[in-house]
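**Q** Sequence first, predicted model second:
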Amino acid sequence: MLTKEEYLFALESELMEFDEIPDSIINDEFYMEMVSLNGLLLKDVPLEKRTRELCEKAIINKFDAIDYVPEKYKDKELFMLGIKDNYDKLTPSNIPKSVLYEIKLELIKKAYNNQKKY
């Protein structure tokens with residue numbers, strides 16, 4: 001049997017599938033570390049274990065993990081965590097238009113304030 005860290009390494013390196021991890025290793029802390037290494041692994045976390053905090057970690061690591069976030073957590077703050085200042089991420093079809101507009105406004109304000117500093 002491997003250590004928790006070795007299993008996490010195997011998942012991150014795609015040397016092992018999630019369903020190969022023994023149940024005795026998996027807990028909330030393991031899920032948190034797992035999605036911090038690869039946000040897309042959120043897909044392997046049972047829905048009832050996908051907390052707001054876990055989803056935030058996944059989004060910060062990999063914005064595309066948004067596809068595995070429960071709808072109840074998909075708000076402006078969550079999208080902003082993943083988008084930050086990356087304007088190129090403003091077009092995904094998985095961002096609701098109302099939220100996308102709010103994000104655009106916020107990013108425009110940031111960009112405007114940043115350019116005023118020069």
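**A** Here it is on my side, so go on. Numbers count the residues shown, from 1 in each chain.

**Q** make it CA atoms for all contacts and neighbour counts henceforth
**A** OK.

**Q** pLDDT weak spots in the protein?
**A** 84-94, 116-118 (pLDDT under 70).

**Q** pull the CA atoms of the top helix by length along it into CSV?
**A** When the chain is parsed with DSSP state H, its longest helix is helix 97-116. Taking only C-alpha atoms (Å, rounded to 0.1, in the frame of the first residue of the first chain), the coordinates of helix 97-116 have been written out as CSV:
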residue,chain,number,x,y,z
LYS,A,97,-24.8,35.6,-19.0
SER,A,98,-25.9,37.6,-16.0
VAL,A,99,-22.8,36.6,-14.0
LEU,A,100,-20.6,37.1,-17.1
TYR,A,101,-21.7,40.7,-17.4
GLU,A,102,-21.0,41.4,-13.7
ILE,A,103,-17.6,39.9,-14.1
LYS,A,104,-16.8,42.0,-17.1
LEU,A,105,-17.8,45.1,-15.2
GLU,A,106,-15.5,44.2,-12.3
LEU,A,107,-12.6,43.4,-14.6
ILE,A,108,-13.1,46.6,-16.5
LYS,A,109,-13.0,48.6,-13.2
LYS,A,110,-9.8,46.7,-12.2
ALA,A,111,-8.1,47.4,-15.6
TYR,A,112,-9.1,51.1,-15.5
ASN,A,113,-7.8,51.6,-12.0
ASN,A,114,-4.6,49.8,-12.9
GLN,A,115,-3.9,52.0,-15.9
LYS,A,116,-4.6,55.1,-13.8
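
**Q** Show me what it packs onto, helices and strands only.
**A** Here helix 97-116 touches helix 76-83, going by 3 or more C-alpha pairs under 8 Å, 6 or more residues apart in numbering; DSSP states H and E.

**Q** For burial, what's the neighbour tally of the closest residue to Ala65 other than its chain neighbours?
**A** Spatially, and ignoring its direct neighbours in sequence, Ala65 is nearest to Leu40 (4.8 Å; C-alpha to C-alpha, 6 or more residues apart in numbering). Look at Leu40: counted by other C-alpha atoms under 10 Å, it has 20 neighbours.

**Q** Thanks again, I'm all set now.
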